[in-house]
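Asker: How does the following fold in three dimensions:
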Amino acid sequence: MAYQTSLRPEAKDDQLLLWILVWSELIAFGILILGFLVVSTFQAEAFGLARLHLRPGIAGANTLILLISGYFVAVAMRQRDDLAAVRRPLTVSAMLGFCFVAVKLFEYWGEIRFAADATLDTFFELYFIITGFHLLHVAFGAIILLLVAWRPARENVTLIATLWHVIDLVWLVIFPILYLA
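Answerer: Now for the predicted structure:
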């Protein structure tokens, strides 16, 4: 019996929709990041001052959390033919995603007071929009990871793995631009 990439004829349509979603997400984040970079060139001094109030160590820890989570999603992808075997790595990835959310909310708790400063408000408005949009993606993705772990299907493992890695990729762009530049 020849290996089939999918048992459903609609699988190619699903892949097309997946890639439309991936590219629309990358474009949306790209526009936000580009806007941040443009404004930062016009308000370089204020943005430099605002960055002093960020905690790159916490953001670095969150980067590590997402990378480890991405590793477990990759493990699930390698095991996607054995649906019972994907449950644990997807669940671990989801838990790490929720850990990312908790750490980010803790970070916000320390930063929110600076958003009211008239000198720093533009930076923090953009910062909270970009990182908050990403945070929503992580939270939603973690919920989907749990749903797929609960009722795994090969196509769904591929779908969430692709989206989770896009979420990781976006953070790997956001982190140095917002925290280290």
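Asker: Helices along the protein, start to end?
Answerer: When secondary structure is read from DSSP state H, the chain shows helices at 11-42, 44-51, 56-78, 83-111, 121-150, 154-175.
Asker: tell me the angle the helix or strand of the chain with the lowest mean pLDDT makes with helix 121-150.
Answerer: Least confident element among the helices and strands of the chain, by mean pLDDT, DSSP states H and E: helix 11-42 (a mean of 90). Direction vectors for helix 11-42 and helix 121-150, defined by axes from the mean of the first three to the mean of the last three C-alpha atoms, to 10 degrees, enclose an angle of 160 degrees.
Asker: any idea how far helix 11-42 is from the chain center?
Answerer: For helix 11-42, the distance between its averaged C-alpha position and the chain's averaged C-alpha position is 12 Å (C-alpha atoms, centre = their mean, to the nearest Å).
Asker: Same question for it: list its buried residues.
Answerer: Burial within helix 11-42, assessed by neighbour count using 16 or more other C-beta atoms under 10 Å, is assigned to 15, 18, 25, 29, 32-33, 36, 39-40. From N, CA and C alone the C-beta is placed, and that goes for glycine too.
Asker: Show me what it packs onto, helices and strands only.
Answerer: helix 121-150, helix 154-175 (3 or more C-beta pairs under 8 Å, 6 or more residues apart in numbering; DSSP states H and E).
Asker: Ala74: which of those is closest?
Answerer: In terms of C-beta to C-beta, the element of the helices and strands packed on helix 11-42 nearest to Ala74 is helix 154-175, at 7.3 Å.
Asker: what's that closest one in contact with?
Answerer: Defining contact as C-beta atoms under 8 Å, 6 or more residues apart in numbering, one finds that helix 154-175 is touched by 6, 8, 11, 14, 18, 21-22, 25-26, 29, 33, 59-60, 62-63, 66-67, 69-70, 73-74, 76-77, 80-81, 83, 86, 90, 93, 97, 130-131, 134, 137-138, 141, 144-145, 148.
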